[in-house]
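>>> Just to be clear, the model below is a prediction. Sequence and coordinates:
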2 protein chains.
Amino acid sequence: MTAADVRKLARAENLTTTSGYAAGFMQANLLAVPQEFAFDFLLFAQRNPKSCPIVGVLEAGEYSSPLLPEGDIRTDIPSYRIFEDGELVDTVTDATGYWSEDMVAFLIGCSFTFETALVENGIKLEHIEQGRNVAMYRTSTPTVPAGMFSGPQVVSMRPIPAERVADAVRITSRYPSVHGAPVHVGNPEAIGITDLSAPDFGEPVEIPEGHIPVFWACGVTPQAVVMNSRPRLAITHEPGKMLVTDARDLEYQVP
Amino acid sequence: MTAADVRKLARAENLTTTSGYAAGFMQANLLAVPQEFAFDFLLFAQRNPKSCPIVGVLEAGEYSSPLLPEGDIRTDIPSYRIFEDGELVDTVTDATGYWSEDMVAFLIGCSFTFETALVENGIKLEHIEQGRNVAMYRTSTPTVPAGMFSGPQVVSMRPIPAERVADAVRITSRYPSVHGAPVHVGNPEAIGITDLSAPDFGEPVEIPEGHIPVFWACGVTPQAVVMNSRPRLAITHEPGKMLVTDARDLEYQVP
């Protein structure tokens, strides 16, 4: 399946997840806000590049871009979340009804890209092994505010065998456009996580003997920031149901 | 000398260049525009990360930031250029008279950072050897437009010994926040450069026998874009006279 095939499929039906579709193509998080908030959010992303690595922006009135040629950002994601004044008010498979001409859409890099690289380097991912969604936590670490946007950093946690932690750091640091190197290794209390078995998003993942919990900045951060900052309207993807783009994961690798 | 010392010195006098001052500290290009143009320029930078790698943004009304603690962006650069409607109308050592409360200042990574890394890896830089400014050229390669901003990509050229070209690529690719890997190697005609001895900015640099001209995206691109796009006001540094920041070059190295 090509990326365009998956977008066409996502337009027609609500896939459970886009994980595993169109291998090698970059998947992206969505945050769309009215133009009046666009500078503040783009600046927020610039100041928080690990949480919000921007891989593309569709200006007001644009529905496609070289990342989704002949696509439509309002329909080509399996499912969307609608936030009004920071509250989740609806979940829809077609966001056209909530879209207006002044919406600016930000596409944000997704950890699926570096997960592929980890697996290809022989590092097993426990949430996949255990058949679960990744575990995500609101931390006590604030993001760097910009204009009207502020809020806590959200992290994803992956248990890594102690002898592969250095490799996991090295491999993910080669993908600065998709969250990059971990923000924290091995001490959840230090970032305000008191109970690893009770994640704020996703599902709990067991930490096997000899594994260390490793924390990466997470693309759900913009949703936590929207809940905190309460713009009058924000449209996001539903976690795990991403935009599949025409860009290749490897384009985002350095050096 | 610390970075703060150099900023204090730059406030008092018009240094010929900041090159060589406060070794190890990151120097930055400046582009400041009124708030009405700020989203378009930040988006332009996001779409042209090799030409315009943003390392910091001072919002309207801000004069200092963690990159220049207790500094003043209006005075701490040795010399400023003032553009009105795309025309260079003045050069001043203190930009306070042209600044207004709605100016947003973008700090853009500078190739001095990767030049240090090249020299430390034993690659001689001919413009330094020849005692000249680097040679810069307007190319036939367009930048990716954003809103009101568009124009040609400007590149800097450094002659590199053929046997070190691969090393130069490898080393500079580790600095994506300061222009990163070259945009072109060895064929100036292909990017519209017909005469290497007649650069558009800086000074001509001779290419010794056995050296290949290698081209990097250049921080002068925003000035060429301002000349092309003609915002009513833009304030930049004078080339070679940079803002010396408190950030360390090594913070910008991956992985």
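Yep, it's here.
>>> Spatially central residue for chain A, please.
The residue lying closest to the centre of chain A (Cα atoms, centre = their mean) is A:G219, at 2.8 Å.
>>> So what's the residue count around the residue lying closest to it once chain neighbours are set aside?
Closest residue to A:G219 apart from its sequence neighbours, by Cβ to Cβ, 6 or more residues apart in numbering or on different chains: A:N29 at 4.0 Å. (Each C-beta comes from the backbone N, C-alpha and C, glycine too.) As a burial measure, A:N29 scores 26 neighbours (other Cβ atoms under 10 Å in any protein chain shown).
>>> Find the helix or strand that A:N29 is a member of.
Here A:N29, judged by DSSP states H and E, is contained in strand A:25-34.
>>> got the buried residues for that strand?
Judged by neighbour count (16 or more other Cβ atoms under 10 Å in any protein chain shown), strand A:25-34 contains these buried residues: A:F25, A:M26, A:Q27, A:A28, A:N29, A:L30, A:L31, A:A32, A:V33, A:P34.
>>> The closest residue to the second one other than its chain neighbours and chain B, how far apart?
If I follow you right, that is A:M26. Nearest residue to A:M26, sequence neighbours excluded (Cβ to Cβ, 6+ apart): A:A247, at 4.4 Å. Going from A:A247 to chain B by Cβ to the nearest Cβ, to the nearest Å gives 14 Å.
>>> Extract the C-alpha trace of the helix or strand harbouring A:A247 and format it as PDB.
Assessed by DSSP H and E, A:A247 sits inside strand A:243-248. Presented in PDB, the C-alpha positions along strand A:243-248 are these (Å, rounded to 0.1, in the frame of the first residue of the first chain):
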ATOM      1  CA  LEU A 243      -2.000  11.300   8.800                       C
ATOM      2  CA  VAL A 244       0.100   9.000   6.500                       C
ATOM      3  CA  THR A 245       2.300  11.300   4.400                       C
ATOM      4  CA  ASP A 246       4.200  10.900   1.100                       C
ATOM      5  CA  ALA A 247       7.500  11.700   2.900                       C
ATOM      6  CA  ARG A 248       9.800   8.800   3.700                       C
END
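>>> The stretch 151-255 of chain A: helices as residue ranges?
A:165-173, A:221-229 (DSSP state H, counting those that start in this stretch).
>>> Go through those helices and name the closest to chain B.
Taking Cβ to the nearest Cβ, helix A:165-173 is the member of the helices of the stretch 151-255 of chain A nearest to chain B, at 3.5 Å.
>>> And the contacts of the closest one?
A:114, A:117-118, A:121, A:123, A:158, A:160, A:179-182, A:185-186, A:212, A:214, A:216, B:254-255 (Cβ atoms under 8 Å, 6 or more residues apart in numbering or on different chains).
>>> partners of the nearest residue to A:H237 once chain neighbours are set aside in the sheet?
Among residues not flanking A:H237 along the chain, A:L30 sits closest, at 4.4 Å (Cβ to Cβ, 6+ apart). With DSSP bridges as the criterion, A:L30 is bridged to A:L107.
>>> And the pLDDT for A:L30?
Looking at A:L30, its pLDDT stands at 97.
>>> I figured it was touching A:E238, is that so?
No - applying Cβ atoms under 8 Å, one finds A:L30 not in contact with A:E238, separated by 9.6 Å.
>>> Overlap in contacts, those two.
A:I77, A:Y80.
>>> ok so, going back, residue contacts, the residue nearest to the centre of chain A?
Per Cβ under 8 Å, 6+ apart, neighbours of A:G219: A:N29, A:S51, A:C52, A:I108, A:G109, A:C110, A:S111, A:H179.
>>> Swap in 6 Å and give it another go.
A:N29, A:I108, A:C110 (Cβ atoms under 6 Å, 6 or more residues apart in numbering or on different chains).
>>> from those, which is closest to B:E70?
Distance to B:E70, by Cβ to Cβ, is smallest for A:I108 among the contacts of A:G219, at 33.9 Å.
>>> Check the burial of the residue of the stretch 1-150 of chain A at minimum distance from chain B by counting its neighbours.
Of all residues in the stretch 1-150 of chain A, A:F39 sits closest to chain B, at 3.9 Å by Cβ to the nearest Cβ. Neighbour count for A:F39, taken as other Cβ under 10 Å: 22.
>>> Next: A:Q130.
14.
>>> Ok, A:G210 next?
A:G210: 10 neighbours (other Cβ under 10 Å).
>>> next one: the one 10 residues further on
Around A:V220 sit 23 other residues, with neighbours defined as other Cβ under 10 Å.
>>> What separation do you get for it and A:V185?
A:V220 sits 20 Å away from A:V185, going by Cβ to Cβ, to the nearest Å.
>>> same deal with A:G192?
According to Cβ to Cβ, A:G192 stands 16 Å off from A:V185.
>>> Ok, A:R232 next?
From A:R232 to A:V185 the distance is 39 Å (Cβ to Cβ).
>>> more crowded one of those two?
Neighbours per residue, other Cβ under 10 Å: of A:R232 and A:V185, the larger number sits with A:V185, 15 against 12.
>>> residues contacting that one?
A:V185 neighbours (Cβ under 6 Å, 6+ apart): A:V214.
>>> Can you name the residues bridging to it?
Beta-bridge partners of A:V185, as defined by DSSP bridges: A:V214.
>>> quick one on the thing from earlier: buried subset of the contacts of helix A:165-173?
A:114, A:117-118, A:123, A:158, A:160, A:179-182, A:212, A:214, A:216, B:254.
>>> wait, what's in contact with A:G240?
Neighbours of A:G240 in contact, by Cβ under 6 Å, 6+ apart: A:T17.
>>> change it to 8 Å
A:T16, A:T17, A:T18, A:S19, A:N133.
>>> what does the stretch 151-255 of chain A have sitting close to chain B?
A:R170, A:S173, A:R174, A:P176, A:G180, A:A181, A:V254, A:P255 (Cβ under 8 Å from any Cβ of the partner chain).
>>> please redo it, this time with the cut-off set to 10 Å
Residues of the stretch 151-255 of chain A lying near chain B by Cβ under 10 Å from any Cβ of the partner chain: A:169-177, A:180-181, A:254-255.
>>> Okay then, goodbye and thanks.
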